[in-house]
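Novice: 3D, please:
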Amino acid sequence: MEYDDMWYSDRDLRGCYSVKDGYRKLGELNGPCLPVWGNLWKLQVPPKWKNFLWRALSVNLPTLNNLIKRRVELINICPACGTDEENVMHILCSCYFATHVWNISQLPIPSFDGMNFVQWMELWLGVSAAYNTEAHGRICGLLYDIWSARNEAVWEGCLPVLYVLLQRFSARWATWIASEQQRSISRVPHAPPTPNPLLPPPTGVICRVDAGFHGPTRVPAYGIIVQEADGSFVAAGNGPLICSYDPILAEALAMCEALSWLRNNGFSMITVYTDSSILVSSLSHACSFRTYLGYVLLSCKHLLSTMSSSVVNHVCRDAVQAAHVMAKHVSATLARSQWRDVPHPFLEPDVANAI
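Specialist: Residues are numbered from 1 along each chain as shown. This next block holds a predicted model:
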């Protein structure tokens with residue numbers, strides 16, 4: 001096949017770059033990704049609290065030490081306590097004002113001693129932290145309110161009274177919990193996509209396709225079963241595939257093998273069954289893919305277009321069990337094999353179940 005070279009992202013099924021992929025890649029380049037970074041976005045709190053906490057972890061808050069690094073001419077004196085230099089850990093945790101807020105709140109937070117902000121966050125939001133969802137939310141919300149109080153000191157010249165700050169936080173938290181409970185009541189549960197139980201009657205022959213991987217090295221192989229509409233056996237085949245461990249790509253290559261065999265053997269009215277819903281939906285958007293998978297999908301669409309009546313349907317795993325057995329048979333990784341008119345003995349029970 002001859003195609004023009006193009007840029008693509010190896011982190012996306014379609015090969016299209018996204019900011020999310022770039023963010024993850026940047027995190028990998030800058031060092032190991034601590035669990036706290038992933039758990040941050042799982043917090044059940046208002047989005048602006050998550051964004052604030054992300055900025056604090058990224059050392060992107062406009063604290064005085066950060067502003068000085070950006071060549072803003074300031075004197076680094078904490079606006080809350082007026083004694084120490086301001087940084088993220090100081091203003092949110094170890095400052096005299098912040099320490100009093102934490103003590104009065106009676107939240108079970110880890111000690112601040114000798115830690116930076118990321119290390120302290122890891123203690124209550126990391127994998128090994130024994131804090132429940134409510135504790136996570138309350139700590140996050142109180143951090144946000146401490147930062148808001150700091151901004152009042154900067155722009156209005158005064159700090160809120162400690163008890164007023166805590167009452168304000170408690171009211172916000174109660175409002176958020178009530179709104180979430182109301183949203184969960186009104187939210188309609190989203191059912192996962194399931195194969196359509198009312199598929200139209202198949203036209204012509206039925207071809208069941210599946211791919212599988214063998215052993216610890218995950219060697220790919222395909223399996224196909226062709227039957228008449230009444231279930232009578234027509235042919236079966238299996239063989240190796242050439243691809244890396246990529247289930248979607250393997251399913252697409254198996255589909256391409258099946259369609260090529262059907263066309264080469266003179267079948268023009270076919271119904272193809274696969275248990276990969278992603279493959280079925282991807283066939284409709286093959287042109288948007290910038291990866292090798294896109295070329296395979298385009299080949300499948302071309303093969304389908306050469307047949308007078310052809311359709312690809314998503315079915316449940318049990319409906320292609322016979323093809324799965326073919327793909328997982330030990331012979332599949334060795335060479336291409338075909339059986340015509342009479343199925344191989346190892347296949348007979350599964351062919352009977354597929355009828």
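Novice: Roughly how far does the residue of the chain positioned farthest from its centre sit from Met89?
Specialist: Distance from the C-alpha centroid of the chain peaks at Thr83, with 46.1 Å (Cα atoms, centre = their mean). Note on Thr83: its distance to Met89, by Cβ to Cβ, to the nearest Å, is 15 Å. Quick note: C-beta positions are derived from backbone N, CA and C, even for glycine.
Novice: for Ile109, same thing?
Specialist: Taking Cβ to Cβ, one finds Ile109 at 13 Å from Met89.
Novice: Mutual contacts of the two, please.
Specialist: Counting by Cβ atoms under 8 Å, 6 or more residues apart in numbering, Ile109 and Met89 have no shared contacts at all.
Novice: ok, how many other residues are close to the nearest residue to Leu304 once chain neighbours are set aside?
Specialist: Closest residue to Leu304 apart from its sequence neighbours, by Cβ to Cβ, 6 or more residues apart in numbering: Ser310 at 4.6 Å. A total of 21 residues lie near Ser310 under the criterion other Cβ atoms under 10 Å.
Novice: So which helix or strand of the protein has the lowest pLDDT on average?
Specialist: helix 348-354 (a mean of 53; mean pLDDT, DSSP states H and E).
Novice: tell me the mean pLDDT over stretch 246-259?
Specialist: In this model, stretch 246-259 has a mean pLDDT of 94.
Novice: That one: how far from the chain's middle?
Specialist: The chain centre lies 22 Å from the centre of stretch 246-259; the measure is Cα atoms, centre = their mean, to the nearest Å.
Novice: What is the end-to-end distance of stretch 203-221?
Specialist: Taking Cα to Cα, to the nearest Å, stretch 203-221 runs 27 Å from one end to the other.
Novice: who does the residue nearest to Leu304 bridge with?
Specialist: Ile270 (DSSP bridges).
Novice: Equivalent analysis for His214, please.
Specialist: Val219.
Novice: What are the boundaries of the helices in the stretch 151-300 of the chain?
Specialist: With DSSP state H, counting those that start in this stretch as the criterion, the stretch 151-300 of the chain has helices at 162-186, 247-264, 277-283, 292-305.
Novice: Go through the first one and flag the buried ones.
Specialist: Pointing back at helix 162-186 there. Leu165, Leu166, Phe169, Trp173, Trp176 (16 or more other Cβ atoms under 10 Å).
Novice: how about the nearest residue to the third one, chain neighbours excluded?
Specialist: Using Cβ to Cβ, 6+ apart and skipping the chain neighbours, the partner closest in space to Phe169 is Asp145 (4.7 Å).
Novice: again, but for the last one
Specialist: When the adjacent residues along the chain are set aside, Trp176 lies closest to Pro46, with 6.0 Å between them (Cβ to Cβ, 6+ apart).
Novice: any weak-confidence spans in the stretch 51-200 of the chain?
Specialist: 186-199 (pLDDT under 70).
Novice: please redo it, this time with the cut-off set to 80
Specialist: 127-129, 184-200 (pLDDT under 80).
Novice: export the helix or strand where Trp54 lies as CSV, just CAs?
Specialist: Element membership for Trp54 (DSSP states H and E) is helix 47-57. Extracted in CSV, the C-alpha atoms of helix 47-57 (Å, rounded to 0.1, in the frame of the first residue of the first chain):
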residue,chain,number,x,y,z
PRO,A,47,-14.4,21.6,39.8
LYS,A,48,-12.8,24.9,40.9
TRP,A,49,-11.5,23.1,44.1
LYS,A,50,-9.8,20.5,41.9
ASN,A,51,-8.3,23.1,39.7
PHE,A,52,-7.0,25.0,42.7
LEU,A,53,-5.4,21.9,44.1
TRP,A,54,-3.8,21.0,40.8
ARG,A,55,-2.3,24.5,40.6
ALA,A,56,-1.0,24.1,44.2
LEU,A,57,0.6,20.7,43.3
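Novice: List of residues touching it?
Specialist: 36-37, 40-41, 43, 61, 88, 92, 117-118, 121, 140-141, 143-144, 147.
Novice: Pull up the gap between the residue nearest to Leu304 and Cys256, please.
Specialist: 13 Å.
Novice: For Ser337, grab phi and psi.
Specialist: phi -130, psi 150 (degrees, to the nearest 10).
Novice: which residues sit in contact with it?
Specialist: Gly237, Asn238, Gly239, Ser331.
Novice: Check the gap between Arg208 and Asn238 for me.
Specialist: From Arg208 to Asn238 the distance is 12 Å (Cβ to Cβ).
Novice: Same drill for these two, tell me which one is more crowded.
Specialist: Asn238 (30 against 27).
Novice: Relative to Ser331, how far out is that one?
Specialist: For Asn238, the distance to Ser331 - Cβ to Cβ - is 7 Å.
Novice: what do you get for Ala211?
Specialist: 15 Å.
Novice: Kindly report the same for Ser288.
Specialist: From Ser288 to Ser331 the distance is 37 Å (Cβ to Cβ).
Novice: Check Glu122 too.
Specialist: Following Cβ to Cβ, the distance that separates Glu122 from Ser331 is 51 Å.
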